[in-house]
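**Student:** quick one, what's the 3D model for this:
(one chain, ligands or ions: 2)
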Amino acid sequence: MSILPQHKCYLTRSLTQAPWHRKRVICSATTLTPKPKLRPNQPATEPQLVNPPNLVSPVSIPPVLNDPSLQSTWSHRSWVATGCVTVLVPLAKATVGAAHSHTWLEPMLAGCIGFILADLGSGIYHWGIDNYGDGSTPVFGNQIEAFQGHHKWPWTITRRQFANNLHALARAVAFVVLPIDLACNDPVMNAFAGVFSGCIMFSQQFHAWAHGTKSKLPPLVVALQDAGLLVSRSQHAAHHREPYNSNYCIVSGVWNEFLDKNKFFEAMEMSLVFQAWGETQILERALH
Ligand SMILES: [Zn+2]
Ligand SMILES: [Zn+2]
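**Tutor:** Ligands and ions are numbered 1, 2, ... in the order given. Now for the predicted structure:
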């Protein structure tokens, strides 16, 4: 199979950042190099794909304690405050609407569904930014850089200040939920939107707690982790172990076992590879 240069870049970039995928495509002789650049924690014997020079991430330096990059700025705090307001508005509207109509069951069920689906959403988003793109990717570049850097130095998330850790998701939540705040008055929809978006926004805090030491975490957090309502430390620790392709969900972690057993993310990877390969074939046919 020959691949056009622009598609070779696409495949190479995505596959080199997905360790389990890298193992699958090493049969492609055109993309292998005998002197690979190793990723942290990767066996030295494993063949690597070539990184085109313009796609290689710059060598990064691990943050030090009290590193300014881990501290909150007023901009971070403003975005987190804005995100909290946009989440609290639908929750308040749902509560008032339920009280007026005397129907609590449906909004509460909608909130539970929002909580469960937020875990799934966090897993899909986490999988995407762990494995695709880099710091220069439009819109998601900062988040991608933070998550991929997190795999190099997982401990830094415990040193990251609250607003520094949450501001990117808070900003996204503010933009997405604001129209719902303004347009929606249905208690059920508001309950779902408020719980779902709130869990997504705070998922990075749940993630940070999953990296915490039990003795240093607030007892309530440990109790919620033990009860399965927040992603547990042991479950998330597996995400940072080989083969680095499991336990992506970081709200409650309730989806992790199901997704990993059914190889959900591997299927997503394969579908993207086949899609890229199909596009290559179409372009090749068009050019010949
Ligand atoms: Zn990750
Ligand atoms: Zn982590």
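**Student:** pLDDT score for the residue nearest to the spatial centre of the chain?
**Tutor:** In the chain, the centroid-proximal residue (Cα atoms, centre = their mean) is H126; its distance is 1.7 Å. At H126, the model reports a pLDDT of 96.
**Student:** state the distance from it to V221.
**Tutor:** Between H126 and V221 the computed distance is 20 Å (Cβ to Cβ, to the nearest Å). In this view, the C-beta of every residue, glycine as well, is placed from N, C-alpha and C.
**Student:** likewise F196?
**Tutor:** For F196 relative to V221 (Cβ to Cβ), the value is 21 Å.
**Student:** and H211, its phi and psi?
**Tutor:** phi -90, psi 0 (degrees, to the nearest 10).
**Student:** what is the neighbour count of it?
**Tutor:** 19 (other Cβ atoms under 10 Å).
**Student:** looking at this, C249 is in a strand?
**Tutor:** No: using DSSP: H, G, I helix; E, B strand; the rest coil, the secondary structure at C249 is coil, not a strand.
**Student:** so who does it touch?
**Tutor:** By Cβ atoms under 8 Å, 6 or more residues apart in numbering, C249 lies in contact with D119, L120, S122, G123, H126, V231, W255, N256, L259.
**Student:** what about 6 Å?
**Tutor:** D119, S122, G123, W255, N256 (Cβ atoms under 6 Å, 6 or more residues apart in numbering).
**Student:** disregarding residues adjacent in the polypeptide, which is nearest to it?
**Tutor:** For C249, ignoring the flanking residues on the chain, the nearest one in space by Cβ to Cβ, 6 or more residues apart in numbering is G123 at 3.5 Å.
**Student:** element containing the one you found?
**Tutor:** In the assignment (DSSP states H and E), G123 maps to helix 105-131.
**Student:** could you do Q148 as well?
**Tutor:** Assigned by DSSP H and E, Q148 falls in helix 141-152.
**Student:** tell me which residues in stretch 109-119 are buried?
**Tutor:** A110, G111, G114, F115, I116, L117, A118, D119 (16 or more other Cβ atoms under 10 Å).
**Student:** with adjacent residues omitted, what lies nearest to T137?
**Tutor:** I144 (5.5 Å).
**Student:** from L224, how far out is the one you found?
**Tutor:** 28 Å.
**Student:** show me which of those two is the more surrounded one.
**Tutor:** For I144 versus L224, neighbours defined as other Cβ under 10 Å are more numerous around I144 (21 against 18).
**Student:** quick one, what contacts the more buried one?
**Tutor:** I129, G133, T137.
**Student:** generate a ChimeraX selection restricted to the buried entries among the residues you listed.
**Tutor:** Applying 16+ other Cβ under 10 Å to these leaves a buried subset, and the ChimeraX line that selects it is:
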select :129,133
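**Student:** specify which member of the contacts of I144 is nearest to D181.
**Tutor:** Using Cβ to Cβ, I129 comes nearest to D181 of these, at 26.0 Å.
**Student:** how near is the closest one to A146?
**Tutor:** From I129 to A146 the distance is 8 Å (Cβ to Cβ).
**Student:** may I have the distance across stretch 130-146, first residue to last?
**Tutor:** Stretch 130-146 has an end-to-end distance of 9 Å (criterion: Cα to Cα, to the nearest Å).
**Student:** list the buried residues for it?
**Tutor:** Using 16+ other Cβ under 10 Å as the test for burial, stretch 130-146 gives D130, N131, Y132, G133, D134, G135, F140, Q143, I144, E145, A146.
**Student:** possible to save those residues as a markdown table with pLDDT and distance to A238?
**Tutor:** Listed next are these as a markdown table, based on pLDDT from 0 to 100; distance: Cβ to Cβ, whole Å:
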| residue | pLDDT | distance to A238 |
| --- | --- | --- |
| D130 | 93 | 14 |
| N131 | 92 | 17 |
| Y132 | 91 | 21 |
| G133 | 91 | 24 |
| D134 | 89 | 25 |
| G135 | 88 | 27 |
| F140 | 87 | 25 |
| Q143 | 87 | 22 |
| I144 | 90 | 22 |
| E145 | 88 | 24 |
| A146 | 87 | 21 |
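**Student:** kind regards, and thank you for your time.
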